[in-house]
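> show me the folded form of this:
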Amino acid sequence: MSEKLLQNIQNPTDLRKLTPEQLPVLAKELRDFIIDIVSRKEGHLGASLGVIELTIALHYVFNTPDDQLVWDVGHQAYGHKILTGRRDVFHTNRQLNGISGFPKRSESVYDTFGVGHSSTAISAALGMALASNLKGETEKQHIAVIGDASIASGMAFEGLNHAGVTDANLLVILNDNAIGIDPSVGALKDYLTAVKAGKNPKDNNMMKSLNFEYSGPIDGHDFDALLKELHRLKHKKGPKFLHIITTKGKGMQLAEEDQVKYHAPGKFDAATGEIHPKSEEHLPPKFQDVFGHTLVELAQQNEKIIGITPAMPTGSSMKFMMDAFPERAIDVGIAEQHAVTLAAGMATQGMVVFCNIYSTFMQRAYDQLIHDVALQNLPVIFCLDRAGLVGEDGATHHGAYDLAYLNCVPNMILCAPKDELELRNIMYTAQLGLEHPIAIRYPRGRGIIQNWKQPFEKIEIGKAKQLQKGSEIAILSTGFIGNNVTAALSLTHNSDLFSHYHFPFVKPLDTDTLKEICENHQHLITIEDGTVVGGFGSLVASFCTENSCSVSVKKLGIPDAFIEQGTVLELQQICGIDVNSLKTIFSSH
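Predicted coordinates:
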């Protein structure tokens, strides 16, 4: 009878009433449940399918939530959510007012730590374990589940290094499937491959060298092996390391065969796995693809161009450069800090480095950007993909802060193109030779121009553009959100009152144009798809105050709050920067 076991499980206490022989049946039901929902609602698929047996075994053996379980990244936590009281609301996953696509402390006591960025689980679980020791809770266990891509990150090594000299009850489980979003890379991946193949001498085990009790590798889909080893480790004190081998997308043939595509496949047929095709005819391109194809075009002309990405060759479209110039395109793995300083080192030798990092992940390398790049005034070209509101991935992934955290850094040029042509042309301009580092931010998703592959044109750095002339109110926008302004003005009955200026450069700010704007208008409205605290609008307001401009300034953007998940349009509506909200604001003047 379909889903009979799963329907009776509200929490892990119910799960523990099952016999070990029933667990494979539950695993099949749980996989089918996830496949059914994700096929219709979309989300991350392959990662959760790969850890179904592990998820069940962990909650079966350990006394969660008293024993504390931390998932790294959280792409793989769908089964965990379903077994911990969220089965009946799982269909709201990643939707507005629904449950988060990642573990979230405010959502469940079973979500012991909020995650979305990688490589935090070991440090967090170690912190919990050390706190438990201080409180005298010496029987408590703390489990960090981390993938082979995430464990290669520097922060994961920092946690391992510290844990090995403690008596913390910490169990690190390495979920080794040789892939993150894209295939894992690096020397650690080669080491793990050798361990799995039995080619690594037993006395050459890096985890044992770090004072962990090492066990494995074992089959992460074998309940007998998992339960036996987890029961043994449950009663062991100190730092422990369990190496399990899994298959991403396990239980769905197409997801196993194409693990990159089925990481987050969109809507698909639950029975066959066939992805429902989306017609891309007559649609403008994705910004990431404009970046990727333009980079290849520029690299064909300039042999000094190098591309660097931390583990996102597909998502950033750096894969085009990797295919065309494999020796000049580098995936460093989940290592944003290393990516930035690597780029800095290459720039000292005259290379023209395009370092492509999602805006939200650039936050992880802020010190390197300041200390290693800006302080030395090295002309690294940062391309910040997924800037602004990104949609269903929610608060951990919105690129809301780059305008604010970059405009305060000396020597930085900060550019926000409003369309594909401007992105293309600022990339061209940057590789001609700038005297400073530059960050170019652009959004997730599609642009607005189909015929985007135009001849290159050099852009004047730090120059604003007037898009519409009006008599009383000046709207100042930066980046892609300016297209919402244009659309809203076309629907506003009194649009002749409004001037519209696009500021592609937040730094250096075009103060000459800004001074003219203040002299010729009574009111200013700034609009950005970033935080209004310390962002573009704050710079404009500061200029007006410092220069005693007799204008009012209204700042629109992302408010001083973490914006949760939903479609980009829904989230723009919450922030009041969608077309209809802007039209209402404009019409009220």
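
> identify the residues contacting the worst-scoring helix or strand of the chain on mean pLDDT?
Here the helix or strand of the chain ranked lowest by mean pLDDT, DSSP states H and E is helix 187-196, holding a mean of 83. Helix 187-196 is contacted from outside by 148, 151-152, 174, 176, 178, 200, 205-206, 217, 243, 245, 333, using C-beta atoms under 8 Å, 6 or more residues apart in numbering. Just so you know, the C-beta spots here come from the backbone N, C-alpha and C atoms, and that holds for glycine as well.

> can I take it that V353 is in a strand?
Yes: counting by DSSP: H, G, I helix; E, B strand; the rest coil, V353 is found in a strand.

> helix, strand or coil: sort out the residue lying closest to it once chain neighbours are set aside for me.
What sits nearest to V353 in space, not counting adjacent residues and going by C-beta to C-beta, 6 or more residues apart in numbering, is A343, at 4.3 Å. When classified by three-state DSSP, A343 comes out as helix.

> per-residue pLDDT, A343?
On pLDDT, A343 comes in at 98.

> my guess is it contacts P379. True?
No: using C-beta atoms under 8 Å, A343 is not in contact with P379, being 10.1 Å away.

> between the two, which one's more packed in?
Per other C-beta atoms under 10 Å, whichever of A343 and P379 has more neighbours is A343, with 29 against 20.

> any idea how far that one is from A439?
12 Å (C-beta to C-beta, to the nearest Å).

> and if you look at T55?
39 Å.

> which one's more surrounded, the two?
Each of T55 and A439 has its neighbours counted (other C-beta under 10 Å); A439 has more, 29 against 26.

> domains in the chain, as residue ranges please.
Domain ranges of the chain: 4-257, 287-441, 465-587, per automatic domain parsing.

> give me the distance between the two termini of the longest one.
Translated: domain 4-257. One end of domain 4-257 to the other measures 30 Å (C-alpha to C-alpha, to the nearest Å).

> how far away is T531 from K555?
10 Å.

> between those two, which is the more surrounded one?
T531 (23 against 19).

> for the more buried one, give its distance to I558.
5 Å.

> identify the contacts common to the two.
A400.

> for this structure, what's the longest strand?
In the chain, with assignment by DSSP state E, the single longest strand is strand 523-531.

> what's downstream of that one, the next helix or strand?
Next along the chain after strand 523-531, taking DSSP states H and E as the criterion, comes helix 536-546.

> which other residues reach that following helix?
403-404, 407, 476, 478, 503, 506-507, 509, 511, 514, 518, 524, 526-528, 530, 532, 549, 551, 553, 555-557.

> what are the buried residues along that helix?
F536, G537, S538, L539, V540, A541, F543, C544 (16 or more other C-beta atoms under 10 Å).

> next one: stretch 327-334
R328, A329, I330, D331, V332, G333, I334.

> returning to what we had before: what subset of the contacts of helix 536-546 is buried?
Neighbour-count burial (16+ other C-beta under 10 Å) applied to these gives 403-404, 407, 476, 478, 503, 506-507, 509, 514, 518, 524, 526-528, 530, 532, 549, 551, 553, 555-557.

> narrow those to those in helices?
Using DSSP state H, the subset of the buried ones among the contacts of helix 536-546 located in helices is L403, A404, N407, L514, C518.

> is it possible to get a markdown table of those that adds distance to R105 and pLDDT?
Formatted as a markdown table, these follow (distance: C-beta to C-beta, whole Å; pLDDT from 0 to 100):
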| residue | distance to R105 | pLDDT |
| --- | --- | --- |
| L403 | 28 | 98 |
| A404 | 25 | 98 |
| N407 | 31 | 97 |
| L514 | 43 | 97 |
| C518 | 46 | 96 |
